[in-house]
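In: What follows is a predicted protein model with its sequence.
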Amino acid sequence: MTTARNAHSHMTEAQIDRAIAAATAGHRMAGMEPSEYGIEVGRRQLRGEITGDEAVALVLAENRRRRAARS
């Protein structure tokens with residue numbers, strides 16, 4: 001997996017905190033509690049460390065890992 005090293009976030013940490021808080025609130029209103037892992041992946045994406053596609057791939061892989069661990 002390649003990282004988005006060339007993608008630089010123009011968001012400050014305060015803006016990222018607000019974006020994460022808004023996304024978390026939206027998820028909770030929809031009855032879905034976001035995982036700490038998902039929130040951290042979101043922060044990495046907003047910082048420009050990874051792309052959106054990489055973020056999705058990481059969260060899906062973690063969900064598959066957790067499902068397999070329960071089986």
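Out: Yep, that arrived. Because the structure is a prediction, the values reported are computed rather than measured. Numbering: from 1, shown residues only.

In: and the spatially most central residue of the chain, what does it touch?
Out: Centroid-nearest residue in the chain, with C-alpha atoms, centre = their mean: Gly42, separated by 2.3 Å. By C-beta atoms under 8 Å, 6 or more residues apart in numbering, the contact set of Gly42 is 19-20, 23, 55. For every residue, glycine as well, the C-beta is placed using N, CA and C.

In: rerun at 6 Å
Out: Ile20 (C-beta atoms under 6 Å, 6 or more residues apart in numbering).

In: in the helix or strand in which it is found, what counts as buried?
Out: Here Gly42, judged by DSSP states H and E, is contained in helix 36-47. Of the residues in helix 36-47, 38, 41-46 count as buried by neighbour count, 16 or more other C-beta atoms under 10 Å.

In: Pro9: neighbouring residues, count only.
Out: Pro isn't right for residue 9; it's Ser. Neighbours of Ser9 under the rule other C-beta atoms under 10 Å: 16.

In: For stretch 20-34, buried residues please.
Out: 20, 24, 34.

In: With pLDDT, distance to Arg67 and secondary structure as added columns, please give those in CSV.
Out: Formatted as CSV, the buried residues of stretch 20-34 follow (pLDDT from 0 to 100; distance: C-beta to C-beta, whole Å; DSSP: H, G, I helix; E, B strand; the rest coil):
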residue, pLDDT, distance to Arg67, secondary structure
Ile20, 98, 25, helix
Thr24, 97, 23, helix
Pro34, 94, 17, coil
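
In: farthest residue from the center of the chain?
Out: Outermost in the chain, C-alpha atoms, centre = their mean: Ser71 at 25.1 Å.

In: where's the nearest residue to Arg44 once chain neighbours are set aside relative to Ala25, distance?
Out: Leaving out its chain neighbours, the residue that sits closest to Arg44 by C-beta to C-beta, 6 or more residues apart in numbering is Ile50, at 5.1 Å. Distance of Ile50 to Ala25, given as C-beta to C-beta, to the nearest Å: 23 Å.

In: Ok, Arg65 next?
Out: Taking C-beta to C-beta, one finds Arg65 at 27 Å from Ala25.
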